[in-house]
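Chemist: Okay, here's the prediction I keep looking at, along with the sequence it came from:
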Amino acid sequence: MAGTKVKHPSVEDRASKGKGSRKKTPVTSHTGWTPAADRPDPVGLLEEQNKTREQDLVPVRHGRMLVSPFTFYRGAAKIMAADLKDTPRAGLDVQLCGDAHLSNFGVFASPERTLLFDLNDFDETLPGPFEYDVKRMAASFTIAGRNNGFSAEETLSVTLTGVRAYREAMAQFAQMGALDVWYARLSEEQLLEAIDLAVASQKGKALKKAAQGMGKSARQNVAKAHTRDSLQALSKLAERVDGKYRIVSQPPMVVPVRELADTYGMSGDEVEKAVRDQLRSYRATLPDDRRHLLERFEVIDVARKVVGVGSVGTRAFIALLQGRDQEDPLFLQVKEATKSVLEDHLPKSRYKQPGERVVQGQRMMQAASDIFLGWTKGVQDNRYLYWRQLRDMKGSAVVEGMKPLGMNFYANACGWTLARAHARSGDPVAIASYLGKSDKFDQSITDFSGRYADQNEKDYEAFAEAVRSGRLPATDAI
């Protein structure tokens with residue numbers, strides 16, 4: 001079977017494409033966003049998602065989203081996907097994260113055991129217009145700034161910083177060779193060096209003190225990430241019974257499968273067989289060397305574990321495996337993969353299996369991915385899963401505690417990282433040519449972000465009213 005012919009346009013032609021897109025869709029066209037006249041009911045979109053979720057966890061999801069307009073935004077990717085479909089597009093596609101809000105960035109260990117800062121959630125990944133991710137990220141900074149009590153000027157600053165970092169980084173990637181773009185990454189050392197420079201550059205006692213506080217907090221978070229591994233998870237999530245480890249029951253957050261058989265209409269023996277069948281299928285999706293490594297581990301226990309905000313109610317499990325002995329644990333996380341919210345408005349994924357869509361998208365966008373990233377079809381019809389390590393030096397910033405200086409630094413890191421992820425799959429030369437050298441794109445996206453933050457607050461109020469009226473069930477956030 002003949003392969004698809006790959007085109008290799010010149011740098012000049014690629015730049016010309018970007019300039020042509022700029023004429024067709026001016027960078028200022030992202031200004032002045034208003035919701036569509038036929039905009040769907042945001043509460044109705046959430047109810048639609050709830051239909052396939054674990055019904056006992058739906059109130060937990062609502063409770064987490066009810067905390068603030070910021071947590072609501074984190075769980076409302078489906079709502080924003082419906083809004084983005086009517087926004088201007090330059091026609092420059094990339095592999096999208098699909099949910100690139102600021103809390104979906106963080107640190108984790110590379111296979112070489114160094115910490116990297118990168119995107120870390122790909123449930124909604126799909127090829128599409130690069131603007132979608134930029135707008136999702138930028139609006140999240142506006143909403144987070146408001147949530148943290150920043151002034152209008154401070155909120156504007158952090159949003160502009162994130163978009164400007166994206167534009168300037170894309171200009172850098174446009175000048176780099178293909179391999180240099182592919183190998184680009186933001187390591188722990190680079191992140192801490194940048195923080196030290198930011199601290200040293202501050203003038204005045206108050207700013208210097210704030211910068212020092214930011215640096216201390218960042219170093220503490222990095223140090224904490226180094227401790228987050230399977231051994232640490234074993235001490236937090238497992239107990240020894242009759243000389244063997246098993247996962248501790250902590251309902252509704254963690255419920256071992258030994259207590260869930262009735263939920264899925266399966267006996268204990270059937271559950272155990274299903275787990276082992278799933279593990280064999282999952283191993284087959286790994287490269288040979290990773291599969292050989294995983295075969296050194298045996299499954300000890302499995303539990304359902306609630307995760308995130310937007311993912312609450314989708315099926316998510318943790319599996320405790322044992323290698324050499326009881327002091328050689330491996331925790332895997334198994335998450336349900338559903339259709340991307342973007343597939344309602346963009347071409348369907350080329351992958352029929354949603355779990356593979358997530359895995360391949362993650363591998364495309366991340367500088368380095370988990371060695372145990374794989375996928376399976378679930379036991380029940382129309383259920384699909386992807387697998388990865390539960391804790392592999394993973395860490396995230398506490399966004400709600402950020403001050404303006406810290407959030408500006410964080411926005412710069414996120415903007416650079418998103419540009420690097422897009423440059424791997426898209427055309428950095430064409431995108432950089434479209435973005436241009438002035439701040440017109442930055443200003444236009446920031447204008448969109450303010451308007452979208454206003455709409456998000458209205459949607460949050462509609463959501464809160466639906467909870468108050470009893471239309472939506474909700475428990476206190478846990």
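Modeler: Noted; the coordinates are in hand.

Chemist: Skipping adjacent residues, who's closest to residue 464 in space?
Modeler: With sequence-adjacent residues excluded and distances taken as Cβ to Cβ, 6 or more residues apart in numbering, residue 464 is closest to residue 66, at 6.3 Å. For every residue, glycine as well, the C-beta is placed using N, CA and C.

Chemist: got the contact list for the one you found?
Modeler: 72, 463-464, 467, 474, 477 (Cβ atoms under 8 Å, 6 or more residues apart in numbering).

Chemist: where's it relative to residue 465, distance?
Modeler: Distance from residue 66 to residue 465, counting by Cβ to Cβ, to the nearest Å: 11 Å.

Chemist: same question, residue 398
Modeler: Counting by Cβ to Cβ - residue 398 and residue 465 are separated by 29 Å.

Chemist: Give the phi and psi angles for residue 108, as a check.
Modeler: Dihedral angles of residue 108 (phi, psi; degrees, to the nearest 10) stand at phi -160, psi 170.

Chemist: OK, contacts around residue 195?
Modeler: 214-215, 218-219, 409.

Chemist: Just put these in CSV and tack on pLDDT.
Modeler: Below are those laid out as CSV (pLDDT from 0 to 100):
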residue, pLDDT
214, 76
215, 78
218, 80
219, 84
409, 92
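
Chemist: Could I have the buried ones of those as PyMOL selection syntax?
Modeler: Here is the PyMOL selection string for the buried members of the contacts of residue 195, based on 16 or more other Cβ atoms under 10 Å:
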select buried, resi 214+215+218+409
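
Chemist: Of all pairs in the contacts of residue 195, which one is the farthest apart?
Modeler: Using Cβ to Cβ, the pair of the contacts of residue 195 lying farthest apart is 219 and 409, separated by 13.2 Å.

Chemist: helix, strand or coil for the residue sitting nearest the centre point of the chain?
Modeler: The centroid of the chain falls nearest to residue 121 when counting by Cα atoms, centre = their mean (2.5 Å). Under DSSP: H, G, I helix; E, B strand; the rest coil, residue 121 falls in the coil class.

Chemist: Now it: phi and psi?
Modeler: Phi and psi for residue 121, reported as degrees, to the nearest 10, are phi -140, psi 120.

Chemist: So for it, what's the nearest residue that isn't a sequence neighbour?
Modeler: Spatially, and ignoring its direct neighbours in sequence, residue 121 is nearest to residue 104 (4.1 Å; Cβ to Cβ, 6+ apart).

Chemist: Distance check, that neighbour against residue 291.
Modeler: 29 Å.

Chemist: So those two - more neighbours on which side?
Modeler: Neighbours per residue, other Cβ atoms under 10 Å: of residue 104 and residue 291, the larger number sits with residue 104, 24 against 15.

Chemist: per-residue confidence averaged over the helix ranked longest in the chain?
Modeler: Longest helix of the chain, by residue count under DSSP state H: helix 440-468. Per-residue pLDDT over helix 440-468 has a mean of 98.

Chemist: Let me know the secondary structure of the residue nearest to residue 276 when sequence neighbours are not counted.
Modeler: With sequence-adjacent residues excluded and distances taken as Cβ to Cβ, 6+ apart, residue 276 is closest to residue 299, at 6.6 Å. Of the three states, residue 299 takes strand according to three-state DSSP.

Chemist: if I pick residue 299, what's in contact with it?
Modeler: For residue 299, the residues meeting the contact criterion (Cβ under 8 Å, 6+ apart) are 275-276, 279, 319-321.

Chemist: Stretch 340-357 - what's its average pLDDT?
Modeler: Across stretch 340-357, pLDDT averages out at 96.

Chemist: rewinding a little: between the contacts of residue 299, which is nearest residue 459?
Modeler: Closest to residue 459 out of those is residue 319 (36.3 Å), distances taken as Cβ to Cβ.

Chemist: so what does the helix or strand harbouring that closest one touch, helix or strand wise?
Modeler: Using DSSP states H and E, residue 319 falls within strand 316-322. Secondary-structure packing of strand 316-322 (3 or more Cβ pairs under 8 Å, 6 or more residues apart in numbering; DSSP states H and E): helix 230-237, strand 244-247, strand 298-305, strand 329-336.

Chemist: Please repeat the previous calculation with a cut-off of 6 Å.
Modeler: For strand 316-322, the packing partners by 3 or more Cβ pairs under 6 Å, 6 or more residues apart in numbering; DSSP states H and E come out as strand 298-305, strand 329-336.

Chemist: Between these, which one is closest to residue 130.
Modeler: strand 329-336 (25.7 Å).

Chemist: which residues sit against the closest one?
Modeler: Outside strand 329-336, the residues that touch it by Cβ atoms under 6 Å, 6 or more residues apart in numbering are 230, 233-234, 297, 314-322, 385-388, 390.
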